[in-house]
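Peer 1: model the following, please.
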Amino acid sequence: MPTRLAAALFGAAMAGLGILFAAGPEWRTPIRLAAGACAVLALTWGVRRHRPAHRAPWQLLGVAVSLSAIGSAARGTELLDWLPAVGTALLLTFYPVLALALFLFIRHRTGGRRDRGDLLDALTVTCGVGLLAWTFVIGPQIRDTALSASDRWIAVAFPVGGLLCLGLLSRLLTASGRRLTAAGALAAGVLAMLLADVVTNLAARHDDLSNVAVFGRIPLYAGVGLAALLPSMAELTRTASKPSADLGRIRLALLAVASMVAPAVLVFQVGVDGRVPDIELIAALSACTFLLVLARMAGIMASHRLAIARERGLREASAALVSAADADEVADAVRKAVAQLLPSDVPHRVVLAMAFTEPEQPISPESAAQSAQDRAAGTSARLVATRDVDWAVAVRLTQFNMVLRCPLVLADRPNGDPLVGVLHVGGPTWALSGLQRALEVLATQVALALERIALSGEVIRRNSETYFRTLVLNTSDVILIVDDEDRVRYSSPSAVHVLGGDPVGATLPDIIHPGDRQRLAEVLTAVRTGHATQEGIDFRAVGRRRTEVMLEMHCRDLRADQTVAGLVVTLRDVTERRQLERELTHQAFHDALTGLANRVLFADRLQHALARAARDGSVVGVLFIDLDDFKIVNDTLGHAVGDQLLVQVAARIAGALRSDDTAARLGGDEFAALVENVQDPGAVEETANRILAALAQPIIVDGEALQAVASIGITTTPEADNADELLRQADLALYVAKGAGKNQWRRYQSHLHGAMVERLELRSALDHAVNEGHFLLQYQPIVNLATDEAVGFEALVRWYHPTRGLIAPDEFIEVAEESGLIVPMGRWVLDQALHTVAQWRRILPRTRQPYVSVNVSVRQFREAGFVDQVRASLDFAGLPPQALMLEITETLLISDDEQIWSDLETLRELGVRIAIDDFGTGYSSLGYLRQRPIDVLKIDKMFIDDMVGNDQQFALVRGIVSLAQTLNLTVVAEGIEDATHRQILAQLGCPLGQGYYYSSPLDATEALTWLRATQPIAA
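Peer 2: Below is the predicted model of the structure:
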């Protein structure tokens, strides 16, 4: 359905509902619900149709509309006594939800940019409206003794919420840049809602206004729905260009009206009531408004002074550029001008890069794309990351993260290429943002100066007839003059080298390949008749070695020029260039390492396969293939070996497919396969089995046998009929295959989406839990096996979920690692554990002073300042470093991150002990124990469970204990469940242990009681 038609239908529907609402009071409750439902449906349709970059603000608008509609309906019904109270609560909740939606619009629209002027304008308008609201709405409600205290505060909460939304709306409108119809519709709806709230509030105290707000909140729903249906709704979540610092007429008028509110209120109250009941508040808001306007004027004056200074700098730069004789003098003038345009204490650097129209070597695709963007942008300056500019420029600006890039473009440049060069200025981002407009003016002057210098040189060169003759005789291009019969009257000497002979006397079609002669005739006819033709047309010809060459032709009609009197045809041998272009095209659509199709080509072929399947009814299958544990290969054997492994894996995947199928590498160790032209989804599953079978055989890399184990996610067109949905389903199936184990495939099923949603909900709940502190610690004792006395405790985190109760770490630690929430969670665990142990040590005698062991994630170590955080936590708790032991995972042993090991060494020198948790379950080599700063080994529970009756497992535990004693490391056995475990470990010389045989994890109070008990620990 067209967007305009949808908007018209929606507007007509909302208008009809509004008329019914005003005409029939007895039907207002269902009409409210119907209007809210229509607005939510319009929001949903608009988001799916226009696909905004960020959907969260629109989704929050849908929630706000739902709260408003349901709350208004509940508040207006008398079916149940408690429904009005629920409706009031929902309506009160509506305001913060709407405010949050507006805030997100502001954040996305400004791109996080702080604009002091817009903020001051919004605050000024809000202060003025706030004073009116206090005078006519809030103040009378507070002073109304006929209302109960709760009714007064509820009546006050509505206008306060409206003021909050009005302030955010003002900020959004000032940040919107160019006018957006979607923003206007949204603003109209919100303003209509605020006006209706005010009139409703006044109507409660004035009977003559009882019929004014006849449409309720239906205008709000209409405005929100129309905003979502309009195509410009997608712009509301995109970053807008920075608006001008000048005050427009409308904004200036609003500021003036806001400034006059306080005097007007004073005059009104004195004239009507003869007194001013809220003189203190009016005075405070008047002062606030005055200060805001004063601050705004100060900002404008500062901008004006800066503009004057920059104008003076540009005038001086213009004078210097006019007198510049070469490019070096131009560059010096530019550097001086930029130094004057920026504050004196701002570090910066200027690089003027010149453009080369015919480079000796082919430029990279990235540089070509960047040059094309520069030509299209004109002299518009833009902020780019330093790493994204040309390498030769980036190495001179490495000390800055961002660069202001301004192309030097002349649209009417005689040589045809408008790009003269590019001016780069590196510096702090805030300084570059303010320099943008001035730099564009400077760039125009620089481009003109460089062009003037170039044209002066060109005039000098063209004045030399000898130079011109030498240029023609030695140019590599073939220059031909062709008469009206297409016969060549003149050819430059280079024709012999390119064409294999002198073409003078021959016709031009005789030189060209027979297959291109018809096209040549059309081009020559178009040139002679004055019609515009495409420049740089390619034609095939036979070269001097009887090989086919590709010639790029340019043709000009100079028959009116008496010195030429014919068509001037320029032929350039572009055989190697076209070959390079074909190679670059291949690289653009194929993976450089494996030669397989890349993500772009895979998506294109998927689209074509779906189109064919829709015509002939065949089945299309998509397979996502991900190597398991590939990171271990890179970390242990190096990236070179990993690349060779990927190449051979790609060859095996491609070999397992049919000729009609497509294999692609999406990035890293992720591959994909497209299966088409099959009639049964089972054929796609057979393809997955062939791929797994192909990868089952070991892969030999540098003489070492490696196993490439992969997980595969499958989906087919019976499950979906569009590319995006198929890719999403295959990704979900791969996720399930990964969770089910290694070396297997899973086909997409509809319930997989629910599992992913459940995981996202768990992540959201975990984020809330981290912010609200919904965690608790339990402590399991670490016991001396010789004396059965506790020497320390391991702190174990638990999550207290409001609905699911106590959740063990196995269910949420992985999610915390993925989302990064493990860092604040780990910081809380460390502080809480140290605080608890410090309390114990103050109560217990000096002979029984336990330490605490805390698990630390690798992600925590990679956070800057982790060592300082541990030291600060110990100092705050008042504990010596020896009272803390940090547990790390075994896989960290093989890490090459020297910063982590340097931090561990620093902590160890401080006195903190370092332990390897679950030792024996990872991939580490025992040789790493000698190289790393480790104090304690914790044997995994799996080995302790299988130790009894298993000689091999018993020997392994004994070997670990013996190795630890040799390396002077302490051993802690985890998972001691019975007296037999304890006895065997004590005989082996294992000094410490923990497990349910001694105690299950306890809370802090239970652990202290357990410590102070006089009976033996192990019964």
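
Peer 1: correct me if wrong, but M550 is in a strand.
Peer 2: Yes - membership of M550 in a strand is supported by DSSP: H, G, I helix; E, B strand; the rest coil.

Peer 1: ok, what's across the strand from it?
Peer 2: R540 (DSSP bridges).

Peer 1: pull the contacting residues for it.
Peer 2: Going by C-beta atoms under 8 Å, 6 or more residues apart in numbering, M550 touches 538-540, 573-575, 578. For every residue, glycine as well, the C-beta is placed using N, CA and C.

Peer 1: any idea how far it lies from I807?
Peer 2: The gap separating M550 from I807 is 68 Å, by C-beta to C-beta, to the nearest Å.

Peer 1: separate out the buried members of the contacts of M550.
Peer 2: By neighbour count, with 16 or more other C-beta atoms under 10 Å, those hold 539, 573-575 as buried.

Peer 1: which ones among the residues you listed are found in helices?
Peer 2: Of those, the ones assigned to helices by DSSP state H are T575.

Peer 1: give me the buried positions along the top strand by length along the chain.
Peer 2: Ranked by residue count, the top strand of the chain under DSSP state E comes out as strand 789-801. For strand 789-801, a neighbour-count test (16+ other C-beta under 10 Å) marks 789-799, 801 as buried.

Peer 1: R387 and V425, how far apart?
Peer 2: For R387, the distance to V425 - C-beta to C-beta - is 16 Å.

Peer 1: when the two are compared, which one has more neighbours?
Peer 2: Higher neighbour count among R387 and V425: V425, with 28 against 10, using other C-beta atoms under 10 Å.

Peer 1: can I get the buried residues of strand 789-801 in CSV including distance to P881 and pLDDT?
Peer 2: Below are the buried residues of strand 789-801 laid out as CSV (distance: C-beta to C-beta, whole Å; pLDDT from 0 to 100):
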residue, distance to P881, pLDDT
E789, 22, 88
A790, 20, 90
V791, 16, 92
G792, 14, 93
F793, 17, 94
E794, 18, 94
A795, 16, 94
L796, 22, 92
V797, 22, 91
R798, 26, 89
W799, 29, 87
H801, 35, 82
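
Peer 1: closest to Q562 out of those?
Peer 2: Taking C-beta to C-beta as the measure, W799 is the one of the buried residues of strand 789-801 closest to Q562, at 92.3 Å.

Peer 1: my guess is the closest one meets L777, correct?
Peer 2: No - the pair W799 / L777 is not scored as a contact, 11.1 Å apart, by C-beta atoms under 8 Å.

Peer 1: quick revisit: tell me the strands beside the longest strand of the chain, with direction?
Peer 2: Here strand 789-801 has these sheet partners by DSSP bridges: strand 775-784 (antiparallel), strand 805-807 (antiparallel), strand 851-855 (parallel).

Peer 1: re the thing from before, got a markdown table for the buried residues of strand 789-801, with distance to P347 too?
Peer 2: What follows is those, written out as a markdown table (distance: C-beta to C-beta, whole Å):
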| residue | distance to P347 |
| --- | --- |
| E789 | 62 |
| A790 | 58 |
| V791 | 55 |
| G792 | 52 |
| F793 | 52 |
| E794 | 50 |
| A795 | 47 |
| L796 | 50 |
| V797 | 45 |
| R798 | 50 |
| W799 | 47 |
| H801 | 51 |
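
Peer 1: name the SS class of T836, please.
Peer 2: Of the three states, T836 takes helix under three-state DSSP.

Peer 1: for it, give me its contacts.
Peer 2: Applying C-beta under 8 Å, 6+ apart, we find T836 in contact with 777, 779, 795, 852, 1004.
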